[in-house]
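> sequence-free structure coming up:
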Ligand SMILES: [Zn+2]
């Protein structure tokens with residue numbers, strides 16, 4: 001079957017984006033600083049539709065299709081041509097063509113179209129359903145680096161039999177090993193999913209940590225860290241080891257209490273921790289709070305990944321809001337794709353288009369030069385990630 005061709009990301013809005021900026025945005029290789037692997041095996045339509053809905057953990061009900069959403073429209077618009085179909089091909093036709101391809105064939109058609117030169121991959125979640133970071137790089141023709149999850153590291157140590165009284169030292173040596181490993185560029189906490197941000201962020205004593213590790217280790221497997229003491233310990237230790245720390249903020253599935261994931265609740269931590277880079281991930285609907293924190297603290301950075309995909313055509317407004325308060329040196333590009341390779345490519349297509357429309361407007365209104373706009377693209381698209389993760 002013939003592979004399709006990518007549609008120009010400025011299709012339909014060519015006249016709104018100055019030509020030099022448009023050409024730069026079409027071709028600049030991105031660093032996707034928060035992303036997961038793609039599905040290793042073909043999935044059925046129910047699984048696919050469930051995987052293009054971030055919030056619900058239920059199957060999509062029979063009276064609706066997840067294609068009828070901003071993300072569904074964007075998939076039909078931008079991904080159908082990659083499969084050799086017309087843009088906006090109907091959902092059933094899209095699904096029929098997609099079903100003829102293996103997971104690897106799909107990945108090889110879609111991933112290179114993202115134009116990502118390096119994927120910084122969070123490998124800590126549902127690892128068996130999705131590719132390793134090395135395989136993601138292979139399928140896309142890029143390179144990859146790894147992010148270590150702090151909660152997973154603690155759970156693995158205790159599940160593998162580390163005695164609770166040895167836990168603080170064992171956790172420190174795991175982080176020291178991560179800091180030495182050339183493939184690992186940072187850590188991540190999913191405290192949003194475990195306790196919310198409104199916890200005591202002071203650095204706990206080893207005695208307290210051992211007591212909480214003992215309580216956790218006595219539970220049935222698999223272990224799930226939900227102790228604020230253990231999480232605060234893990235975050236302070238990552239900072240002490242000089243490792244960048246990604247923090248899941250905002251938008252996620254309904255397990256998390258979204259109202260307890262406002263990044264303003266991190267102020268007590270941000271004010272007192274060693275100033276290693278903190279990366280506030282996705283942030284929606286708190287992108288303005290995150291932008292504020294990024295301009296208030298030298299070590300805080302943020303992205304609006306994940307929501308770019310889910311907002312579809314409305315992601316232009318989100319990208320514009322993300323350019324409101326924060327210095328341009330404090331924002332990074334990410335897709336936060338997980339599973340369908342459509343998400344890896346769409347994150348990039350929608351971001352390039354939104355940056356072109358937003359900055360193109362600035363250039364046309366005389367608020368910056370085209371050279372300024374291109375420099376802003378390069379900072380957010382790759383330069384800031386190179387600096388923050390010392391790539
Ligand atoms: Zn994420």
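Structure received. Just so it is clear, the structure is predicted and the values come from calculations on it, not from any experiment.
> what residues are up against the nearest residue to residue 36 once chain neighbours are set aside?
Computed as Cβ to Cβ, 6 or more residues apart in numbering, the closest residue to residue 36 that is not its neighbour in sequence is residue 338, at 4.0 Å. Where you see a C-beta, it was placed from the backbone N, CA and C, and this is true even at glycine. By Cβ atoms under 8 Å, 6 or more residues apart in numbering, the residues touching residue 338 are 35-37, 51, 125, 130.
> Could you list the low-pLDDT ranges of the chain?
Within the chain, the ranges that satisfy pLDDT under 70 run 1-3, 126-127.
> and if we set it to 80?
1-5, 55-57, 125-127 (pLDDT under 80).
> can you pull out the strands in this structure?
30-35, 116-122, 143-149, 184-189, 245-249, 278-282, 300-302 (DSSP state E).
> I'd like these laid out as TSV, including distance to residue 98.
What follows is the strands of the chain, written out as TSV (distance: least, Cβ to Cβ, whole Å):
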stretch	distance to residue 98
strand 30-35	21
strand 116-122	21
strand 143-149	25
strand 184-189	31
strand 245-249	29
strand 278-282	26
strand 300-302	33
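> Nearest to residue 342, out of those strands?
For those, proximity to residue 342 was assessed by Cβ to Cβ; strand 30-35 is nearest, at 13.2 Å.
> Show me how far that closest one is from its chain's centre.
Offset of strand 30-35 from its chain centre (Cα atoms, centre = their mean, to the nearest Å): 7 Å.
> circling back: just the buried ones from the contacts of residue 338, in PyMOL syntax?
Only the buried entries of the contacts of residue 338 go into this PyMOL selection, using 16 or more other Cβ atoms under 10 Å:
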select buried, resi 35+36+37+51+130
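> Identify, from the contacts of residue 338, the entry nearest to residue 345.
residue 35 (11.5 Å).
> So the closest one sits against residue 123, correct?
No - using Cβ atoms under 8 Å, residue 35 is not in contact with residue 123, being 10.4 Å away.
> circling back: biggest separation within the contacts of residue 338, which pair?
35 and 51 (14.5 Å).
> in the protein, which residue is closest to the centre?
Nearest to the geometric centre of the chain sits residue 336, at 2.9 Å (Cα atoms, centre = their mean).
> That one: what's it in contact with?
34-36, 281-282, 305-306, 309, 343, 347.
> same deal with residue 311?
By Cβ under 8 Å, 6+ apart, the residues touching residue 311 are 70-71, 284, 317-318.
> Throw those residues into CSV and include distance to residue 9, thanks.
Output for those, formatted as CSV (distance: Cβ to Cβ, whole Å):
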residue, distance to residue 9
70, 17
71, 17
284, 21
317, 17
318, 16
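> What subset of those residues is buried?
71, 284, 318.
> Hmm, the last one is touching residue 354, no?
Okay, so that is residue 318. Yes - look at residue 318 against residue 354 with Cβ under 8 Å: they come within range, at 7.4 Å.
> intersection of neighbour lists for the two?
By Cβ under 8 Å, 6+ apart, residue 318 and residue 354 have these common neighbours: residue 308.
> Please work out how many residues are found near the closest residue in space to residue 335 that isn't next to it in sequence.
Leaving out its chain neighbours, the residue that sits closest to residue 335 by Cβ to Cβ, 6+ apart is residue 347, at 2.5 Å. Other residues near residue 347 come to 26 when the count uses other Cβ atoms under 10 Å.
> before we move on, what about residue 64?
By the criterion of other Cβ under 10 Å, residue 64 has 10 neighbours.
> residues in contact with residue 234?
Neighbours of residue 234 in contact, by Cβ under 8 Å, 6+ apart: 150-151, 153-154, 171, 189, 225.
> now the residue nearest to residue 36: how far from residue 4?
23 Å (Cβ to Cβ, to the nearest Å).
> cool, and residue 296?
For residue 296 relative to residue 4 (Cβ to Cβ), the value is 45 Å.
> Which of these two has more residues huddled nearby?
A direct count of neighbours by other Cβ under 10 Å for residue 296 and residue 4 places residue 4 higher, at 18 against 13.
> my guess is that one contacts residue 83, does it?
Yes - at 5.3 Å, residue 4 counts as touching residue 83 under the criterion of Cβ under 8 Å.
> any common contacting residues for these two?
Listed as contacting both residue 4 and residue 83 by Cβ under 8 Å, 6+ apart are residue 109.
> Residue 320: how many residues sit nearby?
So residue 320, with other Cβ under 10 Å, has 16 neighbours.
> actually residue 359, sorry about that
Look at residue 359: counted by other Cβ under 10 Å, it has 25 neighbours.
> swap in residue 220?
Using other Cβ under 10 Å, residue 220 is surrounded by 5 other residues.
> before we move on, what about residue 65?
Residue 65: 15 surrounding residues under other Cβ under 10 Å.
> Show the contacting residues for it.
Contacts of residue 65 (Cβ under 8 Å, 6+ apart): 49, 72, 91.
> before we move on, what about residue 373?
With contact set as Cβ under 8 Å, 6+ apart, residue 373 has these partners: 18, 21, 359-360, 362-363.
> What are the contacting residues of stretch 320-332?
Contacts of stretch 320-332 (Cβ under 8 Å, 6+ apart): 31, 33-34, 279, 287-288, 290-292, 294-295, 300-304, 354, 358, 375-376, 379-380, 384-385, 387-388.
> hey, which helix is longest across the chain?
helix 341-364 (DSSP state H).
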